[in-house]
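Undergrad: Have a look at this prediction, sequence included:
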Amino acid sequence: MVLLSMFERIKTIKGRKYRYMVKNVRDGNKVKQKVVGYLGPVDPIYQKNKKRSGKTRRTNASIYVRSLKKDEIKMLKKTTKSNIAFTRDKAKILLLSSKGFFPGQIAEKIGCESRKVRNAIKAFNTKGLKALERGKAKGANPKFTKEQKAKMLMVASTEPQKLGMHFTTWSLPKLKRYFIENEIVDSISIESIRQLLKSEGIKLKKSKRRQYSNDPDFAKKN
């Protein structure tokens, strides 16, 4: 038998609606539908002060991946051989979910938490194959007041000699030392200064090296 697709079906039993996961499979020349698992009532009603059994709690909390397309299945199978554990595990989770395994079972097979499985399935159902990509971690934004930022930008835009410095151009380390020594900030990293200048479109000028000689004809020769 070959799995063709999976989808959710709602059945009405004694006036109440219940959700089931159903799969289409090809058996020879025939296409059959089989119920994979029970997903719980459409409008669940829980009784207070009554504990649900582990089996019921686990089933009601189940979530499955949406029906996979042929190209998605091909890509997921290829990704299971990736050297990157993050994408490899996600691909395995999605393929197992498409076969009807619920998060608890998948977690046991992969060796991870059920929460990771549910998050992977939800992300794929929303984003598709883009969910396999790891997002870039955002660095913490430096916390400076508007006054501090204004002073730092003013310094970076002013020629060092006008501020009593003996050099002619700023560098990131020199700016850092000036900011701290003049108590504009208590501490700051080189990267924070770089990002601050970049956000305002300020580029530091590079110092020019000049050659000098006692030869009176140096200028002409040069």
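TA: Yes, it's here.

Undergrad: show me where pLDDT drops low in this structure?
TA: Segments of the chain classed as low confidence (criterion: pLDDT under 70) are 1-4, 39, 43-61, 135-142, 207-222.

Undergrad: can you give me the helices in it?
TA: Counting by DSSP state H, residue ranges of the helices within the chain are 54-60, 70-79, 85-98, 103-110, 114-127, 146-156, 172-181, 190-199, 218-221.

Undergrad: tell me what the fourth one is packed against?
TA: When you say that, I think you mean helix 103-110. Counting contacts by 3 or more CB pairs under 8 Å, 6 or more residues apart in numbering; DSSP states H and E, helix 103-110 packs against helix 85-98, helix 114-127. C-beta coordinates here come from the backbone N, C-alpha and C atoms, glycine included.

Undergrad: hmm, who's touching stretch 93-102?
TA: Contacting residues not belonging to stretch 93-102 are listed as 3, 6, 21, 23, 36-37, 58-59, 62-65, 68, 73, 76-77, 80, 103, 105-106, 109-110, 116-117, 120-121, 124 [CB atoms under 8 Å, 6 or more residues apart in numbering].

Undergrad: quick check: domain ranges of the protein?
TA: Partitioning the chain according to automatic domain parsing yields domains covering residues 1-62, 65-133, 146-197.

Undergrad: what's near enough to touch Arg194?
TA: With contact taken as CB under 8 Å, 6+ apart, Arg194 is in contact with Leu172.

Undergrad: I misspoke; the intended subject was Glu113.
TA: Contact criterion CB under 8 Å, 6+ apart gives Ala107 as the residues in contact with Glu113.

Undergrad: Look up how far Gln161 lies from it.
TA: Distance of Glu113 to Gln161, given as CB to CB, to the nearest Å: 60 Å.

Undergrad: for Ile193, same thing?
TA: For Ile193, the distance to Gln161 equals 20 Å [CB to CB].

Undergrad: got it, and Lys176?
TA: Relative to Gln161, and taking CB to CB, Lys176 is found at 19 Å.

Undergrad: cool, Gly15 as well?
TA: Looking at Gly15 against Gln161, where the rule is CB to CB, the gap reads 87 Å.

Undergrad: Between those two, point out the one with more neighbours.
TA: Gln161 (11 against 5; other CB atoms under 10 Å).

Undergrad: correct me, but the more buried one touches Thr168?
TA: Yes. Counting by CB atoms under 8 Å, Gln161 touches Thr168, with 6.3 Å between them.

Undergrad: looking at the domains of the chain, which is buried most?
TA: Across those, averaging neighbours per residue (mean count of other CB atoms under 10 Å) puts domain 65-133 on top, at a mean of 17.

Undergrad: chain center to it: distance?
TA: What separates the centre of domain 65-133 from the centre of its chain is 16 Å, taken as CA atoms, centre = their mean, to the nearest Å.

Undergrad: How far does it stretch from one end to the other?
TA: Distance between the two ends of domain 65-133: 17 Å, counting by CA to CA, to the nearest Å.

Undergrad: ok, now stretch 78-87?
TA: End-to-end distance for stretch 78-87: 11 Å, by CA to CA.

Undergrad: cool, stretch 105-125 as well?
TA: The first residue of stretch 105-125 is 19 Å away from its last residue (CA to CA).
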